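Chemist: Got a predicted structure plus its sequence, pasted below:
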Amino acid sequence: MSDETRSGKAAGPEDSEPLSRYERVKLARHPDRPFTLDYIRILCSDWIELHGDRKFRDDPAIVGGWATLAGRSVMIIGHQKGRGMKENLLRNFGSPHPEGYRKAERLMQLAAKFGRPVVTLVDTQGAYPGIGAEERGQAEAIARNLQVMAGLPVPIVTVIIGEGGSGGALGIAVADRVLMLENAIYSVISPEGCAAILWRSRDRAEDAAEALKLTATDLAEFAVVDEVIREPNGGAHLDPDATALAVGSAVERHLDELVEFSGDELIERRREKFYAMGRWEDTASA
């Protein structure tokens, strides 16, 4: 990874004025921002959606299936929000139940069986915390996905396209390369939730966003994400086609590099990547 990429810089016009972290949170949540199915429609051909976890039901908050991306057969999996109240209710506002993560696991295992890369698109405020979801093993389903993805012998590229909220995001984001759109966010908790805990007031969400350092640039500096993908001025929703093409180009470039590694090499490199996160050195004098 180049220093330019790690610092969050990418090719494109310079911002006229830097946005605050909370302004980027608002852009990440913009209702007109392109969702997973928009990227698939723009970038992919031969899309065949697959349904169900073979245990309980199909969860529309996570979509997935076979597609051809830049001439390469891949398994694409992503969170899907809705536009309008009716579709949002159908897709549970992009917050998956455990069967959504189990569907994702089934599709990833299918990709591994046929030796095909996996591409995941992250856009969720978090996994659904309802009683039924907890009864059906929400935490176990997410944990199982982390284990499966850590040992999957095919290339995995993740793109955070909007909100990346807590375990709900991480459940499909243990990847060889983690890319992030310029105005996306990725955090263990929402700014509002953090503010409610720390200051007992959601009105401090802007302060919480600053403290959480949840933007693409922040996370590139911490080496949590591998590349920041520029968005059109004003946000991805202003030019979804250009945004999708930038995402597709980045994913293709990383897949071209990853297919050169064997399955064992991918697993070892992926595990080392995540083991390295959070390491620090004590440089204090004895």
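Modeler: Great, that's in hand. Numbers count the residues shown, from 1 in each chain.
Chemist: can you give me the helices for the stretch 151-286 of the chain?
Modeler: Taking DSSP state H, counting those that start in this stretch as the test, the helices found in the stretch 151-286 of the chain are 166-170, 191-198, 205-212, 216-221, 240-258, 263-275.
Chemist: of all the ones you listed, which lies closest to residue 36?
Modeler: Smallest distance to residue 36 across these (Cβ to Cβ): 10.8 Å, for helix 240-258. Yep, even glycine has a C-beta here, placed from its N, CA and C like the rest.
Chemist: buried set for that closest one?
Modeler: By 16 or more other Cβ atoms under 10 Å, the buried positions in helix 240-258 come out as 240, 243-244, 246-248, 250-252, 254-255, 258.
Chemist: where's residue 56 relative to residue 124, distance?
Modeler: 19 Å (Cβ to Cβ, to the nearest Å).
Chemist: higher neighbour count, these two?
Modeler: residue 124 (28 against 13; other Cβ atoms under 10 Å).
Chemist: wait, what's in contact with the more buried one?
Modeler: By Cβ atoms under 8 Å, 6 or more residues apart in numbering, the contact list for residue 124 reads 61, 79, 81, 94-96, 163-165, 168-169.
Chemist: was I right about residue 36 contacting residue 61?
Modeler: No - counting by Cβ atoms under 8 Å, residue 36 sits too far from residue 61 to count as a contact (10.3 Å).
Chemist: Overlap in contacts, those two.
Modeler: 79-80.
Chemist: what are the pairing partners of whichever strand in the chain runs longest, and which direction each?
Modeler: The strand that spans the most residues within the chain, counting by DSSP state E, is strand 156-165. Partners of strand 156-165 in the sheet, by DSSP bridges, are strand 118-124 (parallel), strand 177-181 (parallel), strand 185-187 (parallel).
Chemist: Which of the ones you listed sits closest to residue 134?
Modeler: strand 118-124 (16.9 Å).
Chemist: Tell me what angle that closest one forms with helix 240-258.
Modeler: Counting by axes from the mean of the first three to the mean of the last three Cα atoms, to 10 degrees, strand 118-124 lies at 140 degrees to helix 240-258.
Chemist: could I have strand 118-124 exported to CSV, CA atoms only?
Modeler: Taking Å, rounded to 0.1, in the frame of the first residue of the first chain, the C-alpha atoms of strand 118-124 are listed here in CSV:
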residue,chain,number,x,y,z
VAL,A,118,-16.2,-12.6,-3.0
VAL,A,119,-17.0,-8.9,-3.2
THR,A,120,-19.0,-7.4,-0.3
LEU,A,121,-20.7,-4.0,0.0
VAL,A,122,-21.3,-2.6,3.5
ASP,A,123,-24.1,-0.2,4.3
THR,A,124,-25.9,-0.7,7.5
